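Novice: A structural model of the following input is requested.
(one chain, ligands or ions: 1)
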Amino acid sequence: MGRPPASAFFPVFADLDGRTVLVVGGGTVALRKAVALQQAGAMVRVGAPALNAELSAMAGRGEIEHLSGRFAPQWLDDVWLAIAATDDDEVNRAVAQAGEARRLWVNVVDDARASTVQIPARVDRGPLQVAISSGGAAPMLARHLRETLETQLDASMGELAQLLGRERGRIRARFPQLGARRRFFDRLLRGAVPRLLRKRQHLAAEREFIAQLNAEIAAPRGSVALVGAGPGDPGLLTLRALRVLNEADVILHDRLVSEEILQVVRRDAQRIEVGKQAGNHHATQEQIHALMLEHAHAGKRVVRLKGGDPFVFGRGGEELEVLRDAGIDYEVVPGITAALACAAYAGVPLTHRDHAQSVRLVTAHCKDSSDTLDWQALAQERQTLAVYMGVAGLDRFSAKLIEHGRAASTPFAIVENGSRPNQRVIVGTLSELAERAREHDVQSPALLIVGEVASMADTLHWFGDAPLGAVVAVAQAA
Ligand code: SAH
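Specialist: Numbering: from 1, shown residues only. Below is the predicted model:
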């Protein structure tokens, strides 16, 4: 066949019950497939010149049908799916080609390119099946992941799935509305039933289930969680943020929130992108307020998801005031703010016994905000500035600092796309700040760190590429 491997396979779970599946091959691989297919209820047809002992025994017991001889396309008659499991490439290819001609799905064992369907690695918990595929790119990785999941998915998962399957009709009858049903499941899955099943207390689990099914569920109260998503690396989300995101009905997120993070939110939550990119100050803050109120009043659990931390240059305070005035429940989940994340991922300690006893978080997004800054204070030595800003205005920023007494030789580090796969760090000295940024075409989001510690990125960097720009020596401790 020789087609390039598809970049992503579309997973489906097939109902093979009573359907004929052809396995070509008579050895141990064929045996493994035949057994698995048989367990799934398929009528297994095994074609090979000779069968190994176990397959022969199965044929003898009438569990499989044996077609003797070399593969012939008519073996595919009445077949829904075919698996080529011989060690002869030519035979495997013939099966794939004949299958393709009849528009049948064919899996050639260990040959993703010749296959039109992959058999995933799987974790089997009764009706609950977790299937893992690497699209043929890295079967060992899929296997490794399966082993990890095997240890994490308790055996009681299968029983839980069975219980929910048995009770499906009753649950639907009790909660015909999707929203109410979802709330019931949220409570059920976090409650005592899974715990009792894990302890093998089946009767108690059934009783608890019935009790929960009959319990009154109060009408939902809308709420808003102001959540910090951190700088981009999903690993920097807090556990609390993850949990709140998984319970959300509606997520209002900033542009700054990375796609990787949006991947982990609940699939059926409504996602609405709000807010503008850095630099555009006429963001629709009023519209954001209106959206929060609208969804919360409708009884939804709203997550207002912001880059970094919601209370650091995030207008989180304004949003809480609106919620408080409207009498809506709220909570705040802090996130890792850009200053902390960028410093960490660039190898720049923000404080240092020898160089910096304090840190200032500053914003200089536009002329208005930089005009109100206390330049005298910002130009003080022995402190680190973490500057949240658009990439415009760097000329003015460095000029003002130097004008107010900060040494022109003070090191800086610009961290662009901090913690993300495309992170870049640019280092240099204050006098050449704007020039360096232009030279490397720095784009938003980028954080500027000014202070002696910035030069440590040269030696302490560990994430992504080494810093760009001239090496500047850290002033030696006296
Ligand atoms: N609440 C956010 C800041 C919002 S202001 C926080 O706590 O991080 C937006 C500014 O944050 C950007 O202009 C940039 O200076 C900085 N920023 C946010 N994420 C960043 C990232 N991944 N890398 C570099 N800077 C970032």
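Novice: what does the protein have sitting close to the ligand?
Specialist: Neighbours of the ligand within the chain, by Cβ under 6 Å from any ligand atom: 231-232, 256, 278, 306-309, 312-314, 337-338, 342, 388-390, 415, 417-420, 444-447. Where C-beta positions appear, they are placed from N, C-alpha and C, glycine not excepted.
Novice: domain assignment for this structure?
Specialist: 6-119, 156-214, 223-336, 339-460 (automatic domain parsing).
Novice: I'd like those as JSON lines, with distance to residue 133 and mean pLDDT appended.
Specialist: Converted to JSON lines, the domains of the chain look like this (distance: least, Cβ to Cβ, whole Å; pLDDT from 0 to 100):
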{"stretch": "domain 6-119", "distance to residue 133": "5", "mean pLDDT": "95"}
{"stretch": "domain 156-214", "distance to residue 133": "20", "mean pLDDT": "91"}
{"stretch": "domain 223-336", "distance to residue 133": "17", "mean pLDDT": "89"}
{"stretch": "domain 339-460", "distance to residue 133": "23", "mean pLDDT": "93"}
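Novice: how about those in TSV, adding mean neighbour count?
Specialist: Below are the domains of the chain laid out as TSV (neighbours: other Cβ atoms under 10 Å):
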stretch	mean neighbour count
domain 6-119	17
domain 156-214	15
domain 223-336	19
domain 339-460	19
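Novice: now those domains as a markdown table including distance to residue 135?
Specialist: Converted to a markdown table, the domains of the chain look like this (distance: least, Cβ to Cβ, whole Å):
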| stretch | distance to residue 135 |
| --- | --- |
| domain 6-119 | 5 |
| domain 156-214 | 26 |
| domain 223-336 | 18 |
| domain 339-460 | 20 |
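Novice: Could you report the separation of the residue of the chain found nearest the ligand from residue 315?
Specialist: Nearest residue of the chain to the ligand: residue 308, at 1.9 Å (Cβ to the nearest ligand atom). Going from residue 308 to residue 315 by Cβ to Cβ, to the nearest Å gives 12 Å.
Novice: doesn't residue 234 make contact with residue 260?
Specialist: Yes: counting by Cβ atoms under 8 Å, residue 260 does reach residue 234; the two are 4.8 Å apart.
Novice: residues contacting residue 226?
Specialist: 304, 306, 310, 316, 319-320, 330-333 (Cβ atoms under 8 Å, 6 or more residues apart in numbering).
Novice: hang on, residue 344 is in a helix, isn't it?
Specialist: Yes: assessed with DSSP: H, G, I helix; E, B strand; the rest coil, residue 344 lies in a helix.
Novice: how close does it get to residue 457?
Specialist: Residue 344 is 11 Å from residue 457, by Cβ to Cβ.
Novice: Secondary structure element holding residue 21?
Specialist: In this structure, residue 21 sits in strand 20-24 according to DSSP states H and E.
Novice: who's in contact with that strand?
Specialist: 30, 33-34, 37, 42-48, 71, 75-76, 78-86, 91-92, 95.
Novice: Tell me if I'm right that residue 410 and residue 450 touch.
Specialist: Yes: shown here, residue 410 and residue 450 form a contact pair, counting by Cβ under 8 Å, at 6.1 Å.
Novice: Mutual contacts of those two, please.
Specialist: Contacts common to residue 410 and residue 450, judged by Cβ under 8 Å, 6+ apart, are 401, 430.
Novice: For residue 381, grab phi and psi.
Specialist: phi -80, psi 180 (degrees, to the nearest 10).
Novice: Now do the same contact list for it.
Specialist: 406-407.
Novice: try it again with 10 Å
Specialist: 355-356, 405-407, 410, 451-452 (Cβ atoms under 10 Å, 6 or more residues apart in numbering).
Novice: want to throw those residues into CSV with secondary structure?
Specialist: Shown next, in CSV, are the contacts of residue 381 (three-state DSSP):
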residue, secondary structure
355, coil
356, strand
405, coil
406, coil
407, coil
410, coil
451, coil
452, helix
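Novice: re the thing from before, shared neighbours of residue 344 and residue 457, anything?
Specialist: residue 415.
Novice: Make sure I have this right: residue 320 is in a helix.
Specialist: Yes: counting by three-state DSSP, residue 320 is part of a helix.
Novice: Verify the contact between it and residue 329 for me.
Specialist: No: the criterion here is Cβ atoms under 10 Å, and residue 320 misses it with residue 329 at 11.4 Å.
Novice: and for the two, which residues touch both?
Specialist: Counting by Cβ under 10 Å, 6+ apart, the residues touching both residue 320 and residue 329 are residue 224.
Novice: so what pLDDT did the nearest residue to the residue of the chain closest to the ligand once chain neighbours are set aside get?
Specialist: Nearest residue to residue 308, sequence neighbours excluded (Cβ to Cβ, 6 or more residues apart in numbering): residue 337, at 4.3 Å. Looking at residue 337, its pLDDT stands at 98.
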